[in-house]
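Enquirer: below is the sequence, then the predicted model.
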Amino acid sequence: MTEFEAEPAFRAYVAILRRRRWWIAAITVLGLAASLAYSFTAPKKYSATAQILVQSSADASTPGSAQVPVTQTDVETDLTLVTSAPVADSVAQQLGSVPQVTASEVGQTNIIAITATSRSPVRAAQVANAYAHAFVRYRQATATRNMASAEVQLRSQIRVLAQQLRALPGKARSSAQADALLSQQAVLKEQLAQMQVSGAVDVGGVELVTPAQPPASPSSPRPGRNALLGAASGLLIGLAAAFARDSLDDRLSSKEAAEQAASAPVLAMVPMVTSWRRRQKAVVVAATEPASPAAESYRSLRTSLQFARQERQLRSLVITSPGASEGKTSTLANLAVMFSQMGERVLMVSCDLRRPRLGQFFGLDERSGLTSVLLGQCSLEEAIQPVTGHDRMWALPAGQVPANPAELLNGHRARQIFAALPQQYDLVLIDSPPVLPVTDAVVLAQQADATLMVVAAGQTRRADLRRAAERLDQVSVAMLGTVLNEVTKETGYGYGYEYGYSQAYRPYVPTTANGNGAAQPNSGGTVPDVNAR
């Protein structure tokens, strides 16, 4: 079992259903609507059923035979004969056409149900009864023909015996031979009499027991049943579409997916800031909304980094992302505020020399900055600016956008600067361009103590994160971890922070002891009072 093994299958399926619930709901409603539309627009049809009983009868081909029990084969044969050509011809003579009917066995009985469907209830009953009567007549006619054939055979045998008696000599007519012939003749005459009696009451082995009646309600369409079938079909299609869409979707949708793609832990999951409607306007929620869930996530990230600093040297940190617009600069700005509130001296360095944006978060003048220092236009001390409203935060803006950013960042002067800054500040946070479009991030990662990757849930693709991690690994730069940004309930954020704060968020000022042993305020920044929640 690996460190970042996927969650159990059941939980994974539930997560997919939660993310794609609108797909499933929409397709289910569409199936329901389609079934209801069909139910209310399709023409009404009525079904009527006549029932015929298959009875046991004597075998007419064998004179004097006993009643033959009805077998399953007999019932299946009669089911086929219901729609045979002789029966259809008789129906055509009666109705003028040959409507379609269905014949089926009622349960495990010897009863055959003949069902006819029509737009008219009267017509449906008429057709079902026409087939039932035609079938009964056909079976009676068949039985009559068989009976007549058997009678002819018996009468012929009786005549042959009479001729044999007349041919005997006068003295022989009282012999045993004459008695045998007379006995055979008597038996045949008795069979003929029995056959004539049974032929008078024989109905051909079938009997119409339940004539069809005009139905009071249509058999189709049935809105209730159709609605259930439509909703069920839509639900199944929706589930299939949801799983198919998720399997084809390469975007990161969960903490586990990010950990697998990056082979590094997710240090924090930052929820989407719903109040941040205008993306072109930079907002630092750690300062403007310190009690928000997003700010609490940045505190969690700060805590994770503090634990990492206990295990390794971490004075400079490159914050980057696989692609653009994934939240790396906003993560850096909020993280800087969080560390400054702990009383640490924090320097933010804007090294995104292609699309610098760090200054927008704090209203900094970026006309002079890192590029000015690298080109010898000003000193490092002159380029570093204090951040208004944050006592222990400084920023080194990007300066003018150069034509060769990668070459400047990989030069000797840049290496000297990145080596000197951690000696002057407790933490140096470096804002880097994305990893995949340009090589700047790889160059910067080699000059810092660690690298933090920011990915956007529902936006960053697994393949992009995997490629970004591979690029860093090729230059022996291991990621400290990842930050899953813009997380929603659909993409795995469900903490809610229902506890909140019992009073207004109130930072405290770190204190140091004066010469008399009394505590006095430190000139450092503020830190959230975790006991005031």
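Expert: Yes, it's here.

Enquirer: can you pull the contacts of residue 162?
Expert: residue 185 (CB atoms under 8 Å, 6 or more residues apart in numbering). C-beta coordinates here come from the backbone N, C-alpha and C atoms, glycine included.

Enquirer: do the same with residue 100
Expert: Per CB under 8 Å, 6+ apart, neighbours of residue 100: 116-117.

Enquirer: same thing with residue 453?
Expert: 262, 264, 320-322, 435, 465, 468-469, 479, 481-483.

Enquirer: got TSV for these, with pLDDT and neighbour count too?
Expert: Shown next, in TSV, are the contacts of residue 453 (pLDDT from 0 to 100; neighbours: other CB atoms under 10 Å):
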residue	pLDDT	neighbour count
262	90	23
264	92	22
320	95	28
321	94	29
322	94	31
435	94	26
465	93	29
468	93	27
469	93	22
479	86	21
481	93	21
482	94	30
483	94	27
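
Enquirer: what's around residue 416, how many residues?
Expert: Using other CB atoms under 10 Å, residue 416 has 11 other residues around it.

Enquirer: relative to residue 443, how far out is it?
Expert: Relative to residue 443, residue 416 is positioned 14 Å away (CB to CB, to the nearest Å).

Enquirer: and for residue 455?
Expert: Taken as CB to CB, the span from residue 455 to residue 443 is 21 Å.

Enquirer: okay, domains of this structure per the record?
Expert: Using automatic domain parsing, the domain parsing of the chain gives 9-42+222-247, 47-210, 252-276+284-493.

Enquirer: and residue 216, which of these is closest to it?
Expert: Closest to residue 216 of the domains of the chain is domain 47-210 (CB to CB; 7.5 Å).

Enquirer: distance from the chain centre to that closest one, please.
Expert: 60 Å (CA atoms, centre = their mean, to the nearest Å).

Enquirer: go on, stretch 34-52?
Expert: 32 Å.

Enquirer: what's the answer for stretch 354-365, then?
Expert: The answer for stretch 354-365 is 43 Å, by CA atoms, centre = their mean.

Enquirer: for stretch 329-336, same thing?
Expert: Mean-position distance between stretch 329-336 and its chain equals 37 Å (CA atoms, centre = their mean).

Enquirer: contacts for that stretch, please.
Expert: Counting by CB under 8 Å, 6+ apart, 270, 282-286, 294-295, 298, 301-302, 305, 319, 346, 348, 352, 357-358, 361-362, 390, 393, 429, 431, 452, 454, 483, 485 sit against stretch 329-336.

Enquirer: ok, residue 266 - contacts?
Expert: Per CB under 8 Å, 6+ apart, neighbours of residue 266: 255, 258-259, 481-484.

Enquirer: let me have the contacts of residue 453 in CSV, adding distance to residue 337 as columns.
Expert: CSV is the format used below for the contacts of residue 453 (distance: CB to CB, whole Å):
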residue, distance to residue 337
262, 25
264, 24
320, 19
321, 19
322, 25
435, 25
465, 26
468, 26
469, 28
479, 23
481, 20
482, 20
483, 15
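
Enquirer: mind checking which of these are in strands?
Expert: Of the contacts of residue 453, the ones assigned to strands by DSSP state E are 320, 479, 481-483.

Enquirer: for the spatially most central residue of the chain, which non-adjacent residue is closest in space?
Expert: For the chain, the residue nearest the mean C-alpha position is residue 239 (2.8 Å; CA atoms, centre = their mean). Excluding its sequence neighbours, the residue lying closest to residue 239 (CB to CB, 6 or more residues apart in numbering) is residue 24, at 6.1 Å.

Enquirer: pretty sure that neighbour sits against residue 242.
Expert: Yes: counting by CB atoms under 8 Å, residue 24 touches residue 242, with 5.3 Å between them.

Enquirer: the stretch 401-533 of the chain: strands as residue ranges?
Expert: Remark: strands assigned in the stretch 401-533 of the chain by DSSP state E, counting those that start in this stretch are 427-431, 450-456, 479-487, 507-508, 511-513, 519-521, 527-528.

Enquirer: and the first one, which strands flank it?
Expert: Here strand 427-431 has these sheet partners by DSSP bridges: strand 316-320 (parallel), strand 346-350 (parallel).

Enquirer: list the contacts of residue 483.
Expert: Contacts of residue 483 by CB under 8 Å, 6+ apart are 266-270, 301, 327, 331, 452-455.

Enquirer: partners of residue 483 in the sheet?
Expert: residue 268, residue 454.

Enquirer: how near is it to residue 210?
Expert: According to CB to CB, residue 483 and residue 210 sit 76 Å apart.

Enquirer: do residue 486 as well
Expert: According to CB to CB, residue 486 and residue 210 sit 70 Å apart.

Enquirer: neighbour count: the two, which is higher?
Expert: residue 486 (24 against 14).

Enquirer: so that one sits right up against residue 327, yeah?
Expert: Yes: under the criterion of CB under 8 Å, residue 486 makes contact with residue 327 at 6.3 Å.
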